[in-house]
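Novice: fold the following for me, if possible:
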Amino acid sequence: MQVIRQDRLADFSERYAEKRIALQCWLAEAKKASWQCADDILNDYKGAKVSDADEVTFVIGRGTVKVVTKAIFRKNILRIDEVGLSV
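Specialist: Numbering: from 1, shown residues only. Reported below is the predicted structural model:
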């Protein structure tokens, strides 16, 4: 997948350096992925949540970080909309 708005990951990593490795690992996996539909994501990330509008929330870093994205499957794009601590 082409992952856009990676600056949001960088900004978050600057504030929470201890989460950097988990975010880097997730980003590497997302870039290698060739998800064609929401089910493909759910097969790889059991804890992911998908809405009707193809908004996908990944919970990573042992459940401590959430990455909210918009999947544009027909263009093979994953846009990062929000990164935050999971509560």
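
Novice: send me the helix of greatest length in the chain as CSV with only the CA atoms.
Specialist: Under DSSP state H, the helix in the chain containing the largest number of residues is helix 20-32. Extracted in CSV, the C-alpha atoms of helix 20-32 (Å, rounded to 0.1, in the frame of the first residue of the first chain):
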residue,chain,number,x,y,z
ARG,A,20,8.5,4.8,17.7
ILE,A,21,9.5,1.2,17.1
ALA,A,22,5.9,-0.1,17.1
LEU,A,23,4.9,2.7,14.6
GLN,A,24,7.9,1.9,12.4
CYS,A,25,7.0,-1.8,12.4
TRP,A,26,3.3,-1.1,11.5
LEU,A,27,4.3,1.3,8.8
ALA,A,28,6.7,-1.2,7.2
GLU,A,29,4.0,-3.9,7.3
ALA,A,30,1.4,-1.5,5.8
LYS,A,31,3.7,-0.5,2.9
LYS,A,32,4.4,-4.2,2.1
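
Novice: counting by contacts, list what it packs against.
Specialist: Applying 3 or more C-beta pairs under 8 Å, 6 or more residues apart in numbering; DSSP states H and E, we find helix 20-32 packed against strand 2-4, helix 7-15, strand 55-60, strand 65-72. Backbone N, C-alpha and C define where each C-beta goes, glycine included.

Novice: list the contacts of that helix.
Specialist: 1-3, 6, 9, 12-13, 44, 58, 60-62, 64-65, 67, 78, 83 (C-beta atoms under 8 Å, 6 or more residues apart in numbering).

Novice: in that helix, what counts as buried?
Specialist: Within helix 20-32, the residues that count as buried by 16 or more other C-beta atoms under 10 Å are 22, 23, 26, 27, 30.

Novice: how about stretch 54-74: buried residues?
Specialist: Neighbour-count burial for stretch 54-74 [16+ other C-beta under 10 Å]: 55-61, 65-71.

Novice: chain center to it, what's the gap?
Specialist: 4 Å (C-alpha atoms, centre = their mean, to the nearest Å).

Novice: what's the closest non-adjacent residue to residue 37?
Specialist: Residue nearest to residue 37 in three dimensions, not counting chain neighbours: residue 73, with 6.0 Å by C-beta to C-beta, 6 or more residues apart in numbering.
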